[in-house]
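In: What would the 3D arrangement of this be:
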Amino acid sequence: MKGIITTKVGMSRVIDQETGVITPVTVLKADACDILQVKTTEKDGYSSVVIGGFKKNKERKNANKNYREICEIKMEDTEGAERGGQITAADFVDVASVWVTGTTKGRGFSGVIKRWGFQRGRETHGSHHHREPGSVGMCSKPGKILKGKKLPGRYGGDKQTLRGVKIMQVDAEKGMIVVKGSVPGAKKSLIFIRA
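Out: A predicted model of the protein is given here:
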């Protein structure tokens, strides 16, 4: 299993020259990630690789604090992975699909129409129900609002993973990975992809 930390550049499209089909894509900038630690089943109880991306200050005492983001990739076999090695966009040339993990855009405190897709009320004269959630109360038994009721509240800013996202193009020289469709997160946000 391979994984790399990328930055979301933005969305674009790919046009098939033969059929003319337009496919929306997301462009990800993949800088080289350093392998910081290799965990084995014998020593740690499970096998994984810890990678660090986006180096900051090289003169810090603690090596792990030199990186903006650190991720751990659990894998069945860590053969071939060595501490001090690197993972680049070139490692994803032969990969067909990946898992993409990002943080969705934060939208603050939102109403039920924006948060849950509720239908709005009538706009006619005399209607007092426009963007309200409607009746939420219960009868005397149980006499309370049950857990999980769809109500206004904080929306967005959640970690989300998409599985089986197809890789359309990989530019190893520029460090660019182009995936099909949209991925969670705003522009310049960190996106973690793994095969």
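In: Distance check, T104 against T26.
Out: Counting by CB to CB, to the nearest Å, the separation of T104 from T26 is 14 Å. From N, CA and C alone the C-beta is placed, and that goes for glycine too.
In: cool, G3 as well?
Out: Taken as CB to CB, the span from G3 to T26 is 17 Å.
In: And S127, by the same measure?
Out: Taken as CB to CB, the span from S127 to T26 is 42 Å.
In: out of those two, which sits in the busier spot?
Out: Counted by other CB atoms under 10 Å, S127 and T26 do not tie: T26 has more neighbours, with 23 against 9.
In: doesn't G185 make contact with that one?
Out: No: the criterion here is CB atoms under 8 Å, and T26 misses it with G185 at 9.3 Å.
In: show me the contacts for V98.
Out: Going by CB atoms under 8 Å, 6 or more residues apart in numbering, V98 touches 92, 165, 167, 179, 193-195.
In: Could you tell me the end-to-end distance of stretch 110-123?
Out: The straight-line separation of the ends of stretch 110-123 (CA to CA, to the nearest Å) is 21 Å.
In: So which bits of it are buried?
Out: 111-113, 115 (16 or more other CB atoms under 10 Å).
In: mean confidence for that stretch?
Out: Stretch 110-123 carries an average pLDDT of 94.
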